[in-house]
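Visitor: Quick check, what structure comes out for this input:
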Amino acid sequence: MSESSENDFPTPAATTDTEIHGRPAGEPLRKVEEQFERLVAGVRDYAIFLLDANGVVRSWNAGAERIKGYLPVEIIGQHFSRFYPADVRSTGWPQKELALAARDGHFEDEGWRVRKDGSRFWANVVISALYDDAGKVRGYLKITRDLTERKLAEEALRLSEERLRLLVEGVSDYAIFMLDAEGKVATWNTGAERLKGYKADEIIGRHFSNFYPDEARARRWPQQELELATRDGRFEDEGWRLRKDGTRFWANVVITALRDADGKLQGFAKVTRDLTERRAAEETLRSAYGDLERRVEERTRDLAARDRQKDEFLAMLGHELRNPLAPIRNALEILKLEKVPEESRTQAHGLIERQVQHLVRLVDDLLDVSRIMQGKIELRHERIELAAVVERAIDTAQPVLDARGHRLEVSLPPQRVYLHGDLIRLAQVLGNLLVNAAKYTERAGRIILTATVARDQLVLSVRDNGIGISAELLPRVFDFFVQGSRSLERSQGGLGIGLTLVKRLVEMHGGTVTAHSAGLGKGSEFVVDLPLPDQAAGSERSGVIDAAAVGGRRRRVLVVDDNVDAAESAAALLSIWGHQVRTVHDGLSVMRHVKEFRPEIVLLDIGLPGKNGYDVARELRQLPDSPVRMVAAMTGYGQEQDRQRSAEAGFDVHLTKPLDLERLRELLVGKGS
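Guide: Purely as a prediction, here's the structure:
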């Protein structure tokens, strides 16, 4: 009879080194091993194997082969420590696991293990010690599960939670924190510390009702909030809350109930925003304008008024655009007749010119309003003389003044006064004020234009003895589409935007404009204050003004426009002015005519058949030994982006249709005399 070896495993019943029931002691052990192997050999989801007392592998099932990658012949007889990473083996941990299992009978752990191919997997390990009847460890049963997927999912969740934690903790504009199911603070972010004044170690573990005033706590409102959030999943409220120092702030609070997978309440997430400034603003508004009902009513009335104002404006616009068409049509019919007296023809020409100027002014005002509202209007600042501004303004207003028989009195400083600004726009300001005074003054009235210099300011005043301005209208005279008496205004035309343009243009020059009136029937006065530059910086008039006064020589002008009437009428006018003119009606023929006619100036429409004006302008700029000294765009598009695009294409000047003839005359005269 042979004795069992040190590494033999015990049978379930007591065994000794002597025979049991007449059989050797090793025989039951082998039967146990054989039964064990038959029982677990086919299990694939778990690695189940036996170790001897020293940790040497004694058996190997299909699950162990699948999880760890070893065949039975490769691993049986090897020490189980080879399943551990090198850094773990160096600590002696594998043998410590056996020691703990031997001491306690059972040991469970999780950690990284190594497969045959060197790859790692996260394992749940259960080691059970096997004892003989004397209590001596004869070996171990080891069960290993591959939990890599769960571990990776947990790690991903941990990283996600960590990122969320860092994100929440870094938010400084919102107080974001967690409560446990009883309402005690569990987490605390930077925003909570900034908003409420508590540091994390001062508030975590305390009940969130500390943030509520006494009156709110007295009616159990904090607890009711949690109850409502528990019932509905979410609760939102606004009200007064307390900081650590006792000061109050108006808070928007959102509480969300947090439940586990089984629906059990785990706690609450609480987000608080400080809306004290908004609350104060609302209180100010409420104090200034009354309660909400009155504000809604006022807003409704305002919207209704705006709708009426819009409808009236559209009706007025249609009226004002149609009004000039009737006399223009009548004048054209007169011009078609034969044997019309010269005086009648002259009157018809004058009528057409006046009505076209009126239409141009209406369209220009509308475009100016659009540009100003969009912030796209640009001023051409230069040193200009006040007298030139006044002269242009009077030229603009003179037809209206004459038509109504008004007497205009002008008083200017005896010395020359220079401004820094846009000549055209400042003249438009003064012209609009003169026209406005003419329209709102009964016939044969008196209008006084004065200019005075006070230190570094120029004060312009336009005063009339007209119908005046009511106290109700006076604060709104510079608003869009605001008008006075319809009877006078309609007789002269207008859209109610002239004074709006005045105000915006004056402000763009750094000045102010104010309106004054003692009431209806007592006249009115508009006063413009403009900053003055150093008057000693120069006494010469600006180049633009001088250019208009200089006589010029005969020019060779090429007019390019696919609108034959527009091209021929422009050519006729230029010829009358003494220039030599040729017309072209498409973009493809321009270069041939330039080479033949050799013009100094090209007036070029942009929308042309065959080749557009932008492309033609680029070709003209690339033409070697070109005779062309100026290329002027003629177009109906006058927005700032249109001007920029024409400049980029090589145009020197951007003229909008209908052409400003005075501007055109200045260009022809002043371009390189």
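Visitor: for L603, what are its contacts?
Guide: V557, L558, V559, V560, D561, A570, A632, M634, L655 (CB atoms under 8 Å, 6 or more residues apart in numbering). (Each C-beta comes from the backbone N, C-alpha and C, glycine too.)
Visitor: beta partners of the fourth one?
Guide: Spelled out, that is V560. In this entry, V560 is beta-bridged to V584, L604, by DSSP bridges.
Visitor: is it true that it touches L604?
Guide: Yes. Contact criterion CB atoms under 8 Å: V560 and L604 qualify, at 4.7 Å.
Visitor: which residues do these two both contact?
Guide: V590, G613, V616.
Visitor: which residues does the closest residue to A123 other than its chain neighbours contact?
Guide: Leaving aside its sequence neighbours, A123 sits nearest to R113 (CB to CB, 6 or more residues apart in numbering; 4.3 Å). R113 makes contacts with K68, F83, Y84, P85, R120, F121, W122, A123, V125, T144, as judged by CB under 8 Å, 6+ apart.
Visitor: Kindly recompute the last result at 6 Å.
Guide: For R113, the contacting residues are F83, F121, A123, by CB atoms under 6 Å, 6 or more residues apart in numbering.
Visitor: So which of those are in strands?
Guide: F121, A123 (DSSP state E).
Visitor: got a winner among the contacts of R113 for most neighbours?
Guide: Within the contacts of R113, most neighbours by other CB atoms under 10 Å means F83, with 26 neighbours.
Visitor: if I pick it, what's in contact with it?
Guide: Taking CB under 6 Å, 6+ apart as the test, what F83 contacts is R113, V114.
Visitor: same deal with A570?
Guide: A570 neighbours (CB under 6 Å, 6+ apart): V559.
Visitor: Would you list the phi and psi of it?
Guide: phi -60, psi -40 (degrees, to the nearest 10).
Visitor: P85 too?
Guide: Torsion angles, degrees, to the nearest 10, at P85: phi -60, psi 160.
Visitor: burial count for it?
Guide: Neighbours around P85, by other CB under 10 Å: 14.
Visitor: Please say which of V560 and L604 ends up with more neighbours.
Guide: Under the neighbour definition other CB under 10 Å, V560 and L604 were set side by side, and L604 has more, 29 against 26.
Visitor: still on that earlier bit, specify which member of the contacts of R113 is nearest to A41.
Guide: Nearest to A41 among the contacts of R113: F83, at 19.3 Å, using CB to CB.
Visitor: how much space is there between that closest one and V57?
Guide: 9 Å (CB to CB, to the nearest Å).
Visitor: what about the helices in the stretch 351-500 of the chain?
Guide: Along the stretch 351-500 of the chain, counting by DSSP state H, counting those that start in this stretch, helices occupy 386-403, 423-439, 486-492, 498-508.
Visitor: Quick check: which of the ones you listed is nearest to P213?
Guide: Nearest of the helices of the stretch 351-500 of the chain (CB to CB): helix 498-508, 48.5 Å.
Visitor: Quick check: can you name the pairing partners of the helix or strand following that closest one and their directions?
Guide: Remark: after helix 498-508, the chain's next helix or strand is strand 512-516, criterion DSSP states H and E. Looking at strand 512-516 with DSSP bridges, its partner strands are strand 524-531 (antiparallel).
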